[in-house]
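**Student:** the sequence and its predicted three-dimensional model are supplied below.
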Amino acid sequence: MTRGKSKADAPKKAETKLAVKKGSERVAKKPRKSKADKDPNKPKRPPSAFFVFMEEFRKTYKEKHPNNKSVAVVGKAGGDKWKSLSEDEKAPYVAKAAKLKSDYTKTMAAYNKGQSGGGSRPAAASAAAADEDEESDKSKSEDEEDDD
């Protein structure tokens, strides 16, 4: 019996795998930049209409189900309830969220003004941050116009 060529009989090709650099041959990684510290005095972002709804929903759900200890169950029930609400039923929560957002924009403006007036950040850094805020607001308004 004659046998066909096997893999062992085939001519060996040069290894095409990349060589792995070891030890001192490795390129040194750049040290990671640490994040800037968060300012504890910066106002927190306002909750959306859904989270305004969830504050009230959690209270009523706890009254109806006092033995429930699971946060996930409460969140899932709240999400299902929110989806089932009509636009008219959601309106008070949307209005309250809009009011909280307008209050937030006023406090942020005061906060940013205070930052540029000699806060912990240098004036150039706070001016650059204000420019970024204005730029992001412009892009948001342009996106809203595109949707229309």
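**Tutor:** Arrived safely.
**Student:** where does the protein dip in pLDDT?
**Tutor:** 1-28, 118-148 (pLDDT under 70).
**Student:** what's the closest non-adjacent residue to Y61?
**Tutor:** V74 (5.5 Å; C-beta to C-beta, 6 or more residues apart in numbering). Where C-beta positions appear, they are placed from N, C-alpha and C, glycine not excepted.
**Student:** and that neighbour, what helix or strand is that in?
**Tutor:** For V74, the host element (DSSP states H and E) is helix 71-84.
**Student:** helices and strands around that helix, which ones?
**Tutor:** Based on contacts counted as 3 or more C-beta pairs under 8 Å, 6 or more residues apart in numbering; DSSP states H and E, the elements that helix 71-84 packs against are helix 49-64.
**Student:** go again with 10 Å.
**Tutor:** Applying 3 or more C-beta pairs under 10 Å, 6 or more residues apart in numbering; DSSP states H and E, one finds that helix 71-84 contacts helix 49-64, helix 87-116.
**Student:** can you tell which of the ones you listed is closest to G79?
**Tutor:** helix 49-64 (8.1 Å; C-beta to C-beta).
**Student:** next, the angle helix 87-116 makes with the closest one.
**Tutor:** 120 degrees (axes from the mean of the first three to the mean of the last three C-alpha atoms, to 10 degrees).
**Student:** ok, back up a step: any chance of the helices and strands packed on helix 71-84 in a markdown table, plus distance to K30 and mean neighbour count?
**Tutor:** Formatted as a markdown table, those follow (distance: least, C-beta to C-beta, whole Å; neighbours: other C-beta atoms under 10 Å):
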| stretch | distance to K30 | mean neighbour count |
| --- | --- | --- |
| helix 49-64 | 39 | 15 |
| helix 87-116 | 30 | 14 |
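**Student:** quick one: closest of these to N41.
**Tutor:** Closest of those to N41 is helix 87-116, at 7.3 Å (criterion: C-beta to C-beta).
**Student:** ok, now which ones touch F53?
**Tutor:** Contact analysis of F53 by C-beta atoms under 10 Å, 6 or more residues apart in numbering lists P47, G78, K81, W82, L85, E89, K90, P92, Y93, V94, K96, A97.
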